[in-house]
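Q: coords below, sequence missing:
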DNA sequence: TCCATCTTTTGTAGCGCTACAATATTCTGC
DNA sequence: GCAGAATATTGTAGCGCTACAAAAGATGGA
């Protein structure tokens, strides 16, 4: 029961009457304060505050065709992987007078639904994660012309993109293990319907170890939904392939932590018996003992850049086709 | 540049023309399908899909004074504490034809800003966490009459509430340690500007241990922002008070895990040397070795209930003042 | 004093949609 | 075949706001 039509809802009209000015002056006070004389503006703002007036965004959006709300679709908040990304978006957006709203979507079809909601809301822009989306959703975005930025990827942007190279990062972390003298390196990937950001790591890993003259058959896939316990499963699987495995590349720090827990159970010393590499630089990576050597994507910066691109587009700058590489860092800790 | 005014934007009008019906029929097709004849409806839907038409929510909201979007304010996504809560909200809302949008807010003033955004968007309802809010925000909510549900608390609802008793849970977990024969029980609380859901645990803990004839001076406060590392600090602090401490009640599973990590570093056996209790039943609680004994709030159910209340209110049922207790469970694992 | 210029304020029209009432169409039963 | 009911469709008006253009005041130089 949002409010029946002829409630005494506080509208711009009522503020105008109370302040003895025209509705347009109230509108200007909020949207273009500099167009209104100091004194008038102050009076309007005071009255508006007294009355508890909040501009009806729906009406404003409709009249102006513009919106100061940006929508972001986030795959999951199960772990902290997107925490800094969201913080980055939020911080940047706030400093520009925009608002960020979020929708969670675990699957592409949920993502499509989220996109539809955002488009229905006529947001100023949409931020997506990854480059795998439902065709219908993309068609819709293209047709409506909403600015779209894809994050965590940076090739072939649909519209705009901000990310880093998964391939380069995979290469970097694998090379680190090789340089550390490991000979029997295993790789843990994700199973099932998982994003390309994960699947494209396998061939890179293969090439990398092979070019160092090592075997690349120590590969096992686990279920993304398993969280920490995937670590235990992965280690089991890899031991079945090679009981003398001496290093593991994990898809996330969560799996890496799971591997560490399992090593604890087995009484394996890390990194002496087994070197473990993670991905994502989650909080746990630095807190657990031993600390996890991992890939740190610059997610905060990524979030900021994403919003910058959208805000720029919203203010008329053409940024179509732009893609930013925000890079990554290998953070070395005791686990390798 | 959302879209200039006289673009060939796909509107209800254009769908109506293309389908050879009046705009009202298109409107009805989307809002009240049963009012439209099977064949007409199908034709309209086909054309709408072909044209990539998405109803303008802003316009609809303005015209009807109703909205099918619900806003939820979430304190943080740094860890998984709100994961199930959000899932519960999302699932329930989806099955009712509503949409959930999220805003993150770490502080009450950020929360107030989020509330203002939601009110500006004229959402159908607002879900908040906790019962500590900015006065202005509450005034605004009261004035506009938006349905509001507070979660994780269930006393004195501002409008409606869903939660469980922090006091009872504190009592339950402390009693468990006492029954397990622990004599020197320590308590870890959060420092600084932290929600009452945490601070109100201290006196309950005190009373609980005292009524068992034990000392209640082993209390230390840590910084909420510290994550896992708060565990190490907490253990240090408590050892300074009593080096022979034999049990710890932690504010979250994150801190409990941090304590376990620190025990690992010190070579302390858990639970032999020290029993550790957490709170929240985060994923890590069941995955780490030893598993953490913890409080499991029924967050998924809480999210569902919260949305049910809002949807009911939106459909006219008076639920003002209602508060649901969704309870909690003590999950016993090896750490105690 | 008057006109040109600048600043501030105000009507007007319409954004895209839906409530409501009115009209058109189809279906009953006799 | 027709009145009367039930179903399906359609005008009309207006939600609260803003773009735009027009009007009103203020300022200043000749």
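A: Looks like it came in fine. Predicted, not measured: the structure shown is a model, and the values here were computed from it.
Q: all contacts plus neighbour counts: C-alpha atoms, from now on.
A: OK.
Q: just give the closest residue to the residue in chain A that DNA strand D sits nearest to, not the sequence neighbours.
A: Taking Cα to the nearest atom of the strand as the measure, the point where chain A comes nearest DNA strand D is residue A:12, at 3.1 Å. Leaving aside its sequence neighbours, residue A:12 sits nearest to residue A:23 (Cα to Cα, 6 or more residues apart in numbering or on different chains; 6.1 Å).
Q: isn't the one you found right up against residue A:29?
A: No: assessed by Cα atoms under 8 Å, residue A:23 is found out of contact with residue A:29, at 9.8 Å.
Q: between the two, point out the one with more neighbours.
A: Higher neighbour count among residue A:23 and residue A:29: residue A:29, with 21 against 17, using other Cα atoms under 10 Å in any protein chain shown.
Q: mind checking what secondary structure that one has?
A: Secondary structure, DSSP: H, G, I helix; E, B strand; the rest coil: residue A:29 is helix.
Q: which ones are touching it?
A: Counting by Cα atoms under 8 Å, 6 or more residues apart in numbering or on different chains, residue A:29 makes contact with A:35-36, A:41, A:44-45.
Q: just the ones of those in helices?
A: A:41, A:44-45 (DSSP state H).
Q: whatever residue of the stretch 51-200 of chain A ends up closest to chain B - how many residues pack around it?
A: Here the stretch 51-200 of chain A gets closest to chain B at one residue, residue A:58, 4.3 Å apart by Cα to the nearest Cα. The tally of other residues near residue A:58 (other Cα under 10 Å) stands at 24.
Q: over to it. Which of the three states is it?
A: Under three-state DSSP, residue A:58 falls in the helix class.
Q: which non-adjacent residue is nearest it?
A: Nearest residue to residue A:58, sequence neighbours excluded (Cα to Cα, 6+ apart): residue B:58, at 4.3 Å.
Q: wait, doesn't the one you found sit right on residue A:61?
A: Yes: here residue B:58 reaches residue A:61: they are 6.7 Å apart, a contact under Cα under 8 Å.
Q: quick one: the strands in chain A?
A: A:69-74, A:99-104, A:125-129, A:148-151, A:160-163, A:185-190, A:219-222, A:247-249, A:275-277, A:294-297, A:323-325, A:328-331 (DSSP state E).
Q: what's the burial count for the closest residue to DNA strand C within chain A?
A: Distances between chain A and DNA strand C by Cα to the nearest atom of the strand are smallest at residue A:63, namely 3.1 Å. Number of residues near residue A:63 (other Cα under 10 Å) recorded here: 12.
Q: and chain A, what are its domain boundaries?
A: A:12-55, A:69-164+A:299-326, A:166-297 (automatic domain parsing).
Q: average pLDDT across the first one?
A: In this model, domain A:12-55 has a mean pLDDT of 93.
Q: contact residues of chain A facing DNA strand D?
A: A:5, A:9, A:11-13, A:23-24, A:26-28, A:30-31, A:54-57, A:59-64 (Cα under 7 Å from any atom of the strand).
Q: which PyMOL command selects the buried ones in the residues you listed?
A: Applied in PyMOL, the following selects the buried portion of those according to 16 or more other Cα atoms under 10 Å in any protein chain shown:
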select buried, chain A and resi 11+12+23+26+27+54+55+56+57+59+60+61+62
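Q: any idea what the nearest residue to residue A:101 once chain neighbours are set aside is bridged to?
A: Sequence neighbours aside, residue A:71 is the residue nearest to residue A:101 in space, at 5.0 Å (criterion: Cα to Cα, 6+ apart). On the basis of DSSP bridges, residue A:71 is bridged to residue A:101, residue A:126.
Q: does residue A:71 touch residue A:123 like I think?
A: Yes: at 6.5 Å, residue A:71 and residue A:123 qualify as touching, with contact defined as Cα under 8 Å.
Q: now stretch A:132-149: buried residues?
A: For stretch A:132-149, by 16+ other Cα under 10 Å, it's A:137-138, A:140-141, A:144-149.
Q: first-to-last residue distance for it?
A: Criterion Cα to Cα, to the nearest Å; first-to-last residue distance in stretch A:132-149 is 13 Å.
Q: quick check, distance from stretch A:74-92 to the centre of its chain.
A: Averaging C-alpha positions (Cα atoms, centre = their mean, to the nearest Å) puts stretch A:74-92 5 Å from its chain's average.
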